[in-house]
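Colleague: predicted model and sequence below, questions to follow.
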Amino acid sequence: MQRADTVIENGTVVTAGGGYPADVVISDGAIAALATDATDWAADERIDATGLWVMPGGIDVHTHFEEPDPRLLEGFATGSAGAAAGGLTAVVEMPQAHPTTTTPDHFREKRRCVEEHAIVDVALWGGIIGPPAQSAADLEGMAAEGAAAFKSFMASSSPFFPAVDHAQLLWGMREAARLGLPYGLHAEDHQLLNDGLNRMAQAGRKDALAHAESRPPLVETVAVNTALLLAEETGCHVHICHAASAGALALIKAAKRRGVRVTCETCPQYLMLNTDDLERLAGFARCAPALRDQSEVDAIWAYVLDGTIDLICSDHCPYTVESKEAGRSDIFQAPLGLSGVQTLLPGFFSEAVVRRGMAPERFVSLISSNPARIFGLYPRKGTLAVGADADIALLDPEATWTVSVEDALHKQKWTPYEGKSITGRVARTIRRGETIFDDARRGDDRITAKPGSGRFLPRGYGKGD
Ligand SMILES: [Zn+2]
């Protein structure tokens, strides 16, 4: 009889290639076999997955766990706990920490934070910022340290992370193309955005909808248009972050057709929430791009369903309840960003697969396989195959539950999805063969792995070591 560490039996394996009944055999953190019947394997642990999907763990390529940061609004320990509870086994962390991840030294410091505190595995974005400009050596150094991709803002967001102008963007694209890394963009046009903010200020607008009116979809469409032109010019792989404009998505779709190297993501907040939620939740729904009206949301869904959008991620960004509360009297006082890492996978499953009939394999592509491919982690991550890391979410596709902040394992205890009904619940999350989340337990005890058990994932991890 062959020996394994763990056997997951009686479940339905679902990958980007399709779904089929199979048992999953795990040894030394990797998948040792996929068998129609694994009863002839002896194992220390046998997990009964009757009625459950056995799918590759979700990979959230857009998190702000904000470490290092003296304020520690989230951090890799609690951010990972929320991720694990949401069926995610890896994240790609954004570079807007303090200090920002914009030099090789800062990159190494951030990697140490991952290795000390993370529970899920973590790859890292490197930042490209406006003046004082970085050198090519900074970008080369971050690439050598294993940066998964580069990231810039086309409109200013934080004084610590200055936006790039068109000339800097062109330079960044040439460097990213030379180094073979994708270049992710927060694509909003700086001038149109400033004009919108000034118009709201002049009109004395402080209401919640003024946020959406200050940065309508056109602000994004103009920036994406510029990005696509420069990508075509340079051959750079451009990745449009949190696409939330049907106009921008039409341009992306056309650019893909003519062979421009572009991928894009959107987030559940642009698919599950709208401007009514912005009015209701005020600061707790303030994010960038802004929430859209329902007709725009419907149009974005069409690009999810037709394959223009490559992946779904959370843009989880932690702020205190108190700071978001400030948006009730003046929306512009609430910081930009929503919590969402824990609800990403089940929320999107509920809306896409249960409500809109998306094929299971397509769901897995968007939440796991495509993220792994684009960020250099495939096929060790993002699929279930012999030799791949045993990164697995066990999903009950029929369990219906109501989102409550009581359930939240991330640090800032609020969610814009409070009270929403979701069908599809994560029963267990396994990272490299170790159960890191078990929904059968209670409260914080549901996290069963230690901070620091997560691993830093350099770009190219998927090619093996
Ligand atoms: Zn973000």
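Modeller: Sure, I can see it.

Colleague: give me the buried positions along the host helix or strand of Phe107.
Modeller: Here Phe107 is covered by helix 104-117, with elements defined by DSSP states H and E. Buried positions in helix 104-117, judged by neighbour count with 16 or more other C-beta atoms under 10 Å: 104, 106-107, 110-111, 113-114, 117. C-beta: built from backbone N, CA, C; applies to glycine.

Colleague: with stretch 201-213 instead?
Modeller: Buried-residue list, stretch 201-213, by 16+ other C-beta under 10 Å: 205-212.

Colleague: for the closest residue to Cys317 other than its chain neighbours, the count of nearby residues, please.
Modeller: Distance criterion C-beta to C-beta, 6 or more residues apart in numbering; nearest residue to Cys317, sequence neighbours excluded, is Gly337 at 2.7 Å. For Gly337, the neighbour count with other C-beta atoms under 10 Å is 21.

Colleague: re earlier: from the contact counts, what lies against the helix holding Phe107?
Modeller: On a contact count with 3 or more C-beta pairs under 8 Å, 6 or more residues apart in numbering; DSSP states H and E, helix 104-117 meets helix 76-85, strand 121-127, helix 136-144.

Colleague: try 10 Å
Modeller: Counting contacts by 3 or more C-beta pairs under 10 Å, 6 or more residues apart in numbering; DSSP states H and E, helix 104-117 packs against helix 76-85, strand 88-93, strand 121-127, helix 136-144.

Colleague: next secondary structure element downstream of the last one?
Modeller: Following helix 136-144 in sequence order, the next helix or strand is strand 149-153 (DSSP H and E).

Colleague: avg pLDDT for the top helix by length along the chain?
Modeller: Assignment by DSSP state H gives helix 217-234 as the longest helix of the chain. Mean pLDDT, computed over helix 217-234, is 98.

Colleague: per-domain residue ranges of the protein.
Modeller: Domain ranges of the chain: 2-54+388-449, 58-374, per automatic domain parsing.

Colleague: name the stretch among the ones you listed that sits most buried.
Modeller: Of all those, domain 58-374 has the most neighbours on average by mean count of other C-beta atoms under 10 Å, namely a mean of 21.

Colleague: quote the end-to-end distance of that one.
Modeller: Terminal residues of domain 58-374 are spaced 14 Å apart (C-alpha to C-alpha, to the nearest Å).

Colleague: start at 48, not 1
Modeller: With 48 as the first residue, the last one maps to domain 105-421.

Colleague: can you put the domains of the chain in TSV and add distance to Leu504?
Modeller: Shown next, in TSV, are those (distance: least, C-beta to C-beta, whole Å):
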stretch	distance to Leu504
domain 49-101+435-496	10
domain 105-421	4
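
Colleague: right, and the ones you listed - which one's nearest Gly429?
Modeller: domain 105-421 (2.6 Å; C-beta to C-beta).

Colleague: any idea how far Phe379 is from Glu481?
Modeller: 44 Å (C-beta to C-beta, to the nearest Å).

Colleague: so the residue nearest to Leu186 when sequence neighbours are not counted is in which element?
Modeller: Spatially, and ignoring its direct neighbours in sequence, Leu186 is nearest to Glu222 (5.0 Å; C-beta to C-beta, 6+ apart). Per DSSP H and E, Glu222 falls inside helix 213-226.

Colleague: got the angle between that helix and strand 196-200?
Modeller: 180 degrees (axes from the mean of the first three to the mean of the last three C-alpha atoms, to 10 degrees).

Colleague: packing partners for helix 213-226?
Modeller: helix 183-191, strand 196-200, strand 230-233, helix 264-281, strand 285-287.

Colleague: if you set the cut-off to 7 Å instead, what comes out?
Modeller: When contacts are defined as 3 or more C-beta pairs under 7 Å, 6 or more residues apart in numbering; DSSP states H and E, helix 213-226 packs onto helix 183-191, strand 196-200, strand 230-233, helix 264-281.

Colleague: alpha carbons of that helix, in PDB - could you do that?
Modeller: The C-alpha coordinates for helix 213-226 follow below in PDB (Å, rounded to 0.1, in the frame of the first residue of the first chain):
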ATOM      1  CA  HIS A 213       2.900  60.000 -19.700                       C
ATOM      2  CA  ALA A 214       6.700  60.200 -20.200                       C
ATOM      3  CA  GLN A 215       7.400  58.200 -17.000                       C
ATOM      4  CA  LEU A 216       4.700  55.700 -18.000                       C
ATOM      5  CA  LEU A 217       6.400  55.200 -21.400                       C
ATOM      6  CA  TRP A 218       9.800  54.800 -19.700                       C
ATOM      7  CA  GLY A 219       8.300  52.300 -17.200                       C
ATOM      8  CA  MET A 220       6.700  50.300 -20.000                       C
ATOM      9  CA  ARG A 221      10.000  50.000 -21.900                       C
ATOM     10  CA  GLU A 222      11.700  48.900 -18.700                       C
ATOM     11  CA  ALA A 223       9.000  46.400 -17.800                       C
ATOM     12  CA  ALA A 224       9.100  45.000 -21.400                       C
ATOM     13  CA  ARG A 225      12.900  44.700 -21.200                       C
ATOM     14  CA  LEU A 226      12.600  42.900 -17.800                       C
END
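
Colleague: and stretch 421-430, which residues are buried?
Modeller: 421-430.

Colleague: ok so, going back, next one: the residue nearest to Cys364 from Ala295, what distance?
Modeller: 20 Å.

Colleague: thinking again about what came up before, now the buried residues of stretch 248-260 in CSV, please, with extra columns for secondary structure, pLDDT and distance to Pro179.
Modeller: Formatted as CSV, the buried residues of stretch 248-260 follow (DSSP: H, G, I helix; E, B strand; the rest coil; pLDDT from 0 to 100; distance: C-beta to C-beta, whole Å):
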residue, secondary structure, pLDDT, distance to Pro179
Arg252, coil, 98, 34
Lys253, coil, 98, 34
Asp254, coil, 98, 37
Ala255, helix, 98, 36
Leu256, helix, 98, 37
Ala257, helix, 98, 33
His258, helix, 98, 30
Ala259, helix, 98, 33
